[in-house]
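> missing the sequence, but the structure's below:
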């Protein structure tokens, strides 16, 4: 069923996600603080509005995709919740800290609005292809209503639990990813030092106990996986700065929860150094180059 959807945040992820909703037949009203993003959205068939508040008037579903928790809370506190119909559903697909996600749910509940935190995995490529994984947190009824919409932007939709559970699942997943990419990079650098070809190590590890997504889908050396950023001068993909953001969120959550995440902390430190050296815009798999330099 076609619905009216407001989409706030039309950047690298938000624009292709919103475009897929247009392709699915929905009327999409969008807004971004960056004029160039609004221009690109208009070309994609999105009805650009002069403000976020204007975008949500008359909307059935409101999706937000913003860089951090403060911006999400500022958005929810800007009159947005009150401007939308009381029958609307708010879906925040930003990757933010668990505490801010909880506060966003509280603000929505106070305003009498249904809400869901639903961050994504899959990067810009997945957003464009409509193959994202959504990790959702919120009430059963909110998830049931959101699922048909999320399925038009993603391939795998998982209800992880109550408010904030989607964000919790996202940062746990990306902590695994950050750690595993460093491990794969270290293994290939060690293999180089020992005289192994990239292909030989890939052929063994990809079918043995060392296999993981960072190796089999996103191999950090050119050749074995032609679609990986390593074959395109490490253009992102998923930028190192974004990986650092997620690793820092994992460490903030671990500190609050009292969880020991020694490898997660070490991975955050390694990416912090990489980004501080001016590599924040490099794909996160480019960490292998830092490992080579340190070797």
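Ah, there it is. Keep in mind that this is a model prediction, so the values were computed, not measured.

> and residue 62, how far is that from residue 45?
18 Å (Cβ to Cβ, to the nearest Å). All C-beta spots, glycine's among them, are computed from the backbone N, C-alpha and C.

> Of the two, which one has the most company?
residue 62 (29 against 14; other Cβ atoms under 10 Å).

> Quick one: mean pLDDT over the helix or strand containing the more buried one.
Using DSSP states H and E, the element containing residue 62 is strand 61-64. Strand 61-64 shows a mean pLDDT of 98 in the predicted model.

> Paired strands for that strand, with orientation please.
strand 4-8 (parallel), strand 89-92 (parallel) (DSSP bridges).

> Reformat those strands as JSON lines; add mean pLDDT.
Formatted as JSON lines, those follow (pLDDT from 0 to 100):
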{"stretch": "strand 4-8", "mean pLDDT": "98"}
{"stretch": "strand 89-92", "mean pLDDT": "98"}
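
> wait, which of these is closest to residue 194?
Residue 194 sits nearest to strand 89-92 of all the strands paired with strand 61-64, at 46.9 Å, using Cβ to Cβ.

> Would you mark the buried spots in the next helix or strand after that closest one?
Downstream of strand 89-92, the first helix or strand assigned by DSSP H and E is helix 98-110. Using 16 or more other Cβ atoms under 10 Å as the test for burial, helix 98-110 gives 98, 100-105, 107-108.

> Which other helices and strands does helix 98-110 contact?
If you count contacts as 3 or more Cβ pairs under 8 Å, 6 or more residues apart in numbering; DSSP states H and E, helix 98-110 packs onto helix 69-75, strand 89-92, strand 114-117, helix 165-193, helix 240-257.

> Please identify the residue most distant from the middle of this structure.
residue 195 (37.0 Å; Cα atoms, centre = their mean).

> mind checking how far it is from residue 201?
If you go by Cβ to Cβ, the gap between residue 195 and residue 201 works out to 11 Å.

> Check residue 160 too.
Taken as Cβ to Cβ, the span from residue 160 to residue 201 is 35 Å.

> Also residue 78?
From residue 78 to residue 201 the distance is 52 Å (Cβ to Cβ).

> Look at those two and report which has more neighbours.
Legend: neighbour count by other Cβ under 10 Å for residue 78 and residue 201, higher for residue 201 (22 against 13).

> How many neighbouring residues does the residue lying closest to the more buried one once chain neighbours are set aside have?
For residue 201, ignoring the flanking residues on the chain, the nearest one in space by Cβ to Cβ, 6 or more residues apart in numbering is residue 191 at 4.4 Å. Counted with other Cβ under 10 Å, the neighbours of residue 191 add up to 18.

> Hmm, residue 191 is touching residue 198, no?
Yes. Counting by Cβ atoms under 8 Å, residue 191 touches residue 198, with 7.4 Å between them.

> contacting residues around the most centrally placed residue in the chain?
Closest to where the C-alpha atoms of the chain average out (Cα atoms, centre = their mean) is residue 120, at 4.4 Å. By Cβ atoms under 8 Å, 6 or more residues apart in numbering, the contact list for residue 120 reads 13, 17, 93, 95, 126-127, 132-135, 154, 170.

> Please determine how far it is located from residue 106.
23 Å.

> distance between the lowest-mean-pLDDT helix or strand in the chain and the chain's centre?
Within the chain, confidence by mean pLDDT, DSSP states H and E is lowest for helix 123-129 among all helices and strands, at a mean of 91. How far helix 123-129 lies from its chain's middle: 10 Å, per Cα atoms, centre = their mean, to the nearest Å.

> Run me through the strand neighbours of the helix or strand just after that helix, direction for each.
Later in the chain than helix 123-129, the nearest helix or strand by DSSP H and E is strand 132-138. Taking DSSP bridges as the criterion, strand 132-138 forms sheet pairs with strand 114-117 (antiparallel), strand 120-121 (antiparallel), strand 154-161 (parallel).
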